[in-house]
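Asker: Model the structure of this input:
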Amino acid sequence: MPRDSAEVQVRPGVESDLEALTDIYNHYVHETAITFDTAAFSPEERRPWLLSHPEDGPYRLMVATQPAPTGNSQESQEILGYATSSPFRAKPAYATSVEVSVYLRPDAGRRGIGTLLYKALFEALAGEDVHRAYAGIAQPNEASARLHERFGFRYVGTYREVGRKFDRYWDVSWYEKDL
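Answerer: Alright, predicted model coming up:
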C-alpha cells in the first residue's frame with residue numbers, strides 16, 4: 001500500500017521500468033474500460049511504446065516512484081504510476097498536438113500522484129514545440145475529468161458508443177488544453 005505522498009518522486013521513465021509499467025497498464029486492460037485495449041501485453045510487446053517516449057521532445061514518459069519498504073536505492077523504488085504525452089494523430093499536421101494520459105497502480109489513487117505526474121509532464125513540455133494537449137476519457141470517469149479540469153483542460157465533446165469492451169459500448173469525452 002502506498003505511503004505518504006511526500007515520499008513520491010517523479011522522473012523520466014527508463015527501460016528498467018518496463019515490467020512495472022506493463023503490469024500497471026495490464027490492470028486497466030483486464031479490469032476497466034479506461035483503455036480500449038482488450039488483450040494484455042508482455043513487457044517485450046510494450047518495449048516499442050516505452051522507447052517512443054525519450055527523455056526530451058514532445059513525447060514524454062514520467063514515472064512516479066517511492067522508496068520500497070526494503071531500502072532507499074534506485075533499485076528499490078516502487079513505481080506508483082506514469083503519465084505520457086504521445087502523438088495525437090499520425091499525420092504531419094498534427095505534430096504540435098499531443099494526447100496525454102495518466103495510469104496509476106490500483107492502490108495508488110487518491111494521493112495526488114496523478115497531479116504530481118501531470119505537473120511534471122507539463123513542465124517538461126513547456127519548452128517543446130507543442131500547441132495543444134488532448135485527453136480522451138472513457139465514461140464514466142469523474143476522477144479523471146476533475147484531474148484534467150484542474151490542469152486547465154476544457155471539455156470539447158463526446159464520441160458516443162465509440163468503443164466496445166466487456167460486451168458493451170462506451171462513450172469517450174474529449175478534453176483539450178492550450179500549451
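
Asker: Identify the residues contacting the residue sitting nearest the centre point of the chain.
Answerer: Nearest to the geometric centre of the chain sits V102, at 2.4 Å (Cα atoms, centre = their mean). Residues in contact with V102 (Cβ atoms under 8 Å, 6 or more residues apart in numbering) are G81, Y82, A83, G114, L117, Y118, S144, L147. In short, each C-beta sits where N, CA and C put it, glycine included.

Asker: could you redo the last one with a cut-off of 10 Å?
Answerer: Contact analysis of V102 by Cβ atoms under 10 Å, 6 or more residues apart in numbering lists 34, 62, 64, 81-84, 113-118, 121, 135, 144, 147-148.

Asker: Same question for Y169.
Answerer: Counting by Cβ under 10 Å, 6+ apart, Y169 has contacts A33, R160, E161, V162, G163.

Asker: Distance to L50, neighbour count and secondary structure for the residues you listed - can I get that in TSV?
Answerer: TSV is the format used below for these (distance: Cβ to Cβ, whole Å; neighbours: other Cβ atoms under 10 Å; DSSP: H, G, I helix; E, B strand; the rest coil):
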residue	distance to L50	neighbour count	secondary structure
A33	24	20	coil
R160	33	10	strand
E161	31	11	strand
V162	27	13	strand
G163	24	16	strand
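
Asker: okay, these in TSV with pLDDT and distance to Y25 next?
Answerer: Formatted as TSV, the contacts of Y169 follow (pLDDT from 0 to 100; distance: Cβ to Cβ, whole Å):
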residue	pLDDT	distance to Y25
A33	96	14
R160	98	26
E161	98	24
V162	97	20
G163	97	16
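
Asker: and these, which two are the farthest apart?
Answerer: Farthest apart among the contacts of Y169 by Cβ to Cβ are A33 and R160. That separation is 14.2 Å.

Asker: Output the below-cut-off pLDDT ranges for the chain.
Answerer: 1-6, 70-75 (pLDDT under 70).

Asker: Show me the helices in it, by range?
Answerer: Remark: helices assigned in the chain by DSSP state H are 18-31, 43-51, 113-125, 142-150.

Asker: Give me the angle between the longest one and helix 43-51.
Answerer: Orientation of helix 18-31 against helix 43-51 (axes from the mean of the first three to the mean of the last three Cα atoms, to 10 degrees) gives an angle of 110 degrees.
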